[in-house]
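**Student:** Return atomic coordinates for the entry below.
(one chain, ligands or ions: 1)
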Amino acid sequence: MKYFDLHCDTITELHKKIEPLKENSLHISLNRAGCFEAYTQVFAIFIPDTLRGKAAVDYFDEVCDYYEAQLSQNKDLIAAYQDTENRTSQRAILAVEGAAAAAGTTDGLHHLYNRGVRLITLTWNGDNELASGCFSENDTGFTPFGREFVKEMERLNMAVDVSHLSDKGFREVASFAEKPFIASHSCCRIVDNPYAQKRNLTDEQIKHIVSIGGIIGINFCTAFLGCDENDGFEAVYRHICHALNLGAEKTLSIGSDFDGCNVPANLDRIEKVPQLYSYLLSRGIDKALLDDIFFNNAERFFTKLLTD
Ligand SMILES: [Zn+2]
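**Tutor:** Residues are numbered from 1 along each chain as shown. Sure, this is the predicted structure:
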């Protein structure tokens, strides 16, 4: 099978633990991802809400150096998605989780672009220079700078990611965005716990992303799936069916959140993803539809955005 994953925190964690991407103790390694016929991974550099201004930029640069070193050490295995000359079967898209890495300036955004970032999750849980996150104590939606930032991202053909954004922020970006945007790692708001109620997407939000031709990555986090350690597959099935009932056949994808959250025991390593695929097949989801969810939908979106 082919696998396209819209979000993981593996690079951020590897940098902390000083472990290599090729093989390590984490959820994702390039060696273990060799089980896929083709594999594209969005690697997020996570910016904590405690870092702002120059501190956020410096931290981004440090982790980005690590990312570049890992890619150059594994040139035979993996290359940047937008590198159309070097067609390895494994491909990487660099992302930032938390636009504070741009330090509130357009020059900062251009710096991220020049370092290879092609997807930005606009906020994490709190507020930043752009907008309020989903756990903001005073949800004020977008700032004027945040609106300009999204426009400039669209001009640069970068993927605008609304996972972690507040509900007010979502309504606003839905009204001013001119290109399709994505929710890289968000489930459906069908789970009754405080995290899922803030982080997952409402039916209205899912229908909007469907209508604009965006992409939604189902997150493997147990809190967002609303499952315990042992029933992860069934929970993923529930979320996929819910989104499919809202017309998300060409919208659904996977955003595992590997190395960024607690995941079910049967989904705690990338090489277990094919078992999830088999389970969903056994529950009656059509193979062509599963191939769209696990690879084709995201591939179509990013090919158009990054390599057209
Ligand atoms: Zn996240």
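
**Student:** on contacts alone, who are the packing partners of the host helix or strand of residue 40?
**Tutor:** Counting by DSSP states H and E, the element that carries residue 40 is strand 38-46. Counting contacts by 3 or more CB pairs under 8 Å, 6 or more residues apart in numbering; DSSP states H and E, strand 38-46 is packed against strand 2-8, helix 10-17, helix 54-73, strand 90-97, strand 117-121, helix 297-302. C-betas here are computed from N, CA, C, even on glycine.

**Student:** Can you identify the element that follows the third one toward the C-terminus?
**Tutor:** Think helix 54-73. Beyond helix 54-73 toward the C-terminal end (DSSP H and E), the next one is strand 78-80.

**Student:** what residues does that following strand touch?
**Tutor:** Strand 78-80 is contacted from outside by 30, 71, 86, 87, 88, 90, 91, 92, 93, 94, 116, using CB atoms under 8 Å, 6 or more residues apart in numbering.

**Student:** buried residues in the least confident helix or strand in the chain by mean pLDDT?
**Tutor:** Scoring the helices and strands of the chain by mean pLDDT, DSSP states H and E places helix 194-199 at the bottom, with a mean of 93. Using 16 or more other CB atoms under 10 Å as the burial criterion, the residues of helix 194-199 that qualify are 195, 196, 198, 199.

**Student:** Also stretch 56-64?
**Tutor:** Quick answer for stretch 56-64 (16+ other CB under 10 Å): 56, 57, 59, 60, 63, 64.

**Student:** my read: the fifth one touches residue 15, true?
**Tutor:** Yes. Counting by CB atoms under 8 Å, a contact exists between residue 63 and residue 15, whose distance comes to 4.8 Å.

**Student:** any idea how far the residue nearest to residue 84 when sequence neighbours are not counted is from residue 80?
**Tutor:** The shortest distance from residue 84 to any non-neighbouring residue, by CB to CB, 6 or more residues apart in numbering, is to residue 307 (5.7 Å). Distance, residue 307 to residue 80, using CB to CB, to the nearest Å: 11 Å.

**Student:** what helix or strand is residue 86 on?
**Tutor:** Here residue 86 is assigned to no helix or strand, by DSSP H and E.

**Student:** got the contact list for it?
**Tutor:** 75, 79.

**Student:** ok, now how distant is it from residue 238?
**Tutor:** In terms of CB to CB, residue 86 sits 39 Å off from residue 238.

**Student:** Kindly confirm my reading that residue 49 is in a helix.
**Tutor:** No. Read with DSSP: H, G, I helix; E, B strand; the rest coil, residue 49 is coil and lies in no helix.

**Student:** what's around it, how many residues?
**Tutor:** For residue 49, the neighbour count with other CB atoms under 10 Å is 17.

**Student:** Tally up the residues packed near the closest residue in space to it that isn't next to it in sequence, please.
**Tutor:** Leaving out its chain neighbours, the residue that sits closest to residue 49 by CB to CB, 6+ apart is residue 126, at 3.9 Å. Number of residues near residue 126 (other CB under 10 Å) recorded here: 17.

**Student:** Contacts only, for residue 126.
**Tutor:** So residue 126 contacts 49, 132, 133, 135, 136 (CB under 8 Å, 6+ apart).

**Student:** ok now stretch 271-282, how far from the chain's centre?
**Tutor:** The chain centre lies 20 Å from the centre of stretch 271-282; the measure is CA atoms, centre = their mean, to the nearest Å.

**Student:** Kindly apply the preceding question to stretch 55-64 instead.
**Tutor:** 19 Å.

**Student:** Confirm for me that residue 246 is in contact with residue 207.
**Tutor:** Yes. Taking CB under 8 Å as the definition, residue 246 is a contact partner of residue 207 at 5.5 Å.

**Student:** before we move on, back to that, the least confident helix or strand of the chain packs against which elements?
**Tutor:** Using 3+ CB pairs under 8 Å, 6+ apart: helix 194-199 touches helix 222-225.

**Student:** Can you give the contact residues for the helix it packs on?
**Tutor:** Here helix 222-225 has contacts from 186-187, 191, 193, 195-196, 199-200, 219, 228-229, 232, 235-236, 238-239, 261-264, using CB under 8 Å, 6+ apart.
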